[in-house]
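>>> okay, sequence plus prediction incoming.
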Amino acid sequence: MNVAIINYNAGNTRSVFFALERLGIHSCITDDMKEIRSADKVILPGVGEAGSAMAYLKEKGLDILIKDLEQPVLGICLGMQLMCRYSEEGKTDCLNIFDLDVIKFTQPGKVPQIGWNTLYNMKGPLFAGIPEHSFMYFVHSYYIGISGDTISETQYATLFSSAFKKDNFYGVQFHPEKSGKSGEQIIKNFLTL
């Protein structure tokens with residue numbers, strides 16, 4: 001299996017690479033269109049800022065490419081947010097795969113959310129073998145509300161989508177590569193889609 005990890009000058013690509021390596025999966029960190037298009041699975045990870053991330057994707061033509069991908073695609077944290085229509089972070093127009101907006105957390109609650117939190121109402125094959133109320137590791141200041149695309153929910157200041165799905169596109173707000181055995185299982189599940 002060949003997995004492409006999209007490089008768009010955001011953080012966290014290496015930790016995803018090493019998580020896949022621990023599972024014995026070959027992956028490459030790349031912004032090359034041909035490599036991404038030919039991969040069996042594509043991951044759009046990220047820790048960073050929406051505006052500069054989208055600027056890089058547009059500069060490389062990856063904004064168009066990602067939307068046209070037909071293999072399973074997983075967005076992680078910022079990668080999930082970039083799949084939405086718009087982000088309040090930097091007033092950024094995003095990929096518009098999901099017709100949803102990314103909103104900044106307001107008090108009560110410390111912002112950003114950093115640490116372990118619980119998943120509820122998990123649906124679909126991405127969560128096969130993951131018990132209800134499992135804990136995952138989050139680091140984020142922005143969130144996506146609940147919609148028809150939501151496949152898991154988490155509570156922090158408000159109820160938000162901790163994962164969503166549409167067609168071949170999946171997004172998780174948490175970091176499965178930093179979430180122990182449960183996170184590792186989610187990565188395995190994605191790889192078997």
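Right, received. Where do you want to start? Residues are numbered from 1 along each chain as shown.
>>> now do the contacts for A163.
Contact analysis of A163 by C-beta atoms under 8 Å, 6 or more residues apart in numbering lists 80, 119, 122, 126-127, 150-152, 170-174. (Glycine included, C-beta is placed from N, CA and C.)
>>> who touches T106 in this structure?
Taking C-beta under 8 Å, 6+ apart as the test, what T106 contacts is A157.
>>> separation between it and T158?
8 Å (C-beta to C-beta, to the nearest Å).
>>> name the helix or strand for C28, please.
Element membership for C28 (DSSP states H and E) is strand 26-30.
>>> again, but for Y137
Going by DSSP H and E, Y137 is in strand 135-140.
>>> state the mean pLDDT of the biggest strand by length in the chain.
In the chain, taking DSSP state E as the definition, the longest strand is strand 158-166. What strand 158-166 shows for mean pLDDT is 97.
>>> how about stretch 19-32?
97.
>>> kindly report the same for stretch 56-75.
Regarding stretch 56-75, the rounded mean pLDDT is 97.
>>> and it, what's buried?
Residues 56-57, 60, 62-63, 65-66, 69, 72-75 are the ones in stretch 56-75 that count as buried (16 or more other C-beta atoms under 10 Å).
>>> which stretches of the chain form strands?
For the chain, the strands defined by DSSP E cover 2-6, 26-30, 41-44, 73-76, 86-87, 92-93, 101-104, 113-118, 135-140, 142-144, 150-156, 158-166, 169-172.
>>> need those strands in TSV with distance to L191, can you?
Listed next are the strands of the chain as TSV, based on distance: least, C-beta to C-beta, whole Å:
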stretch	distance to L191
strand 2-6	7
strand 26-30	10
strand 41-44	6
strand 73-76	9
strand 86-87	28
strand 92-93	30
strand 101-104	26
strand 113-118	24
strand 135-140	18
strand 142-144	24
strand 150-156	17
strand 158-166	16
strand 169-172	12
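>>> not counting sequence-adjacent ones, nearest residue to Y120?
Closest residue to Y120 apart from its sequence neighbours, by C-beta to C-beta, 6 or more residues apart in numbering: E153 at 4.8 Å.
>>> then Y8?
Y56 is the one closest to Y8 (C-beta to C-beta, 6+ apart), at 4.5 Å.
>>> then T13?
I29 (4.9 Å).
>>> is the one you found bridged to anything, and to what?
With DSSP bridges as the criterion, I29 is bridged to I5.
>>> roughly how far does it sit from S15?
For I29, the distance to S15 (C-beta to C-beta) stands at 11 Å.
>>> swap in N9?
From N9 to S15 the distance is 16 Å (C-beta to C-beta).
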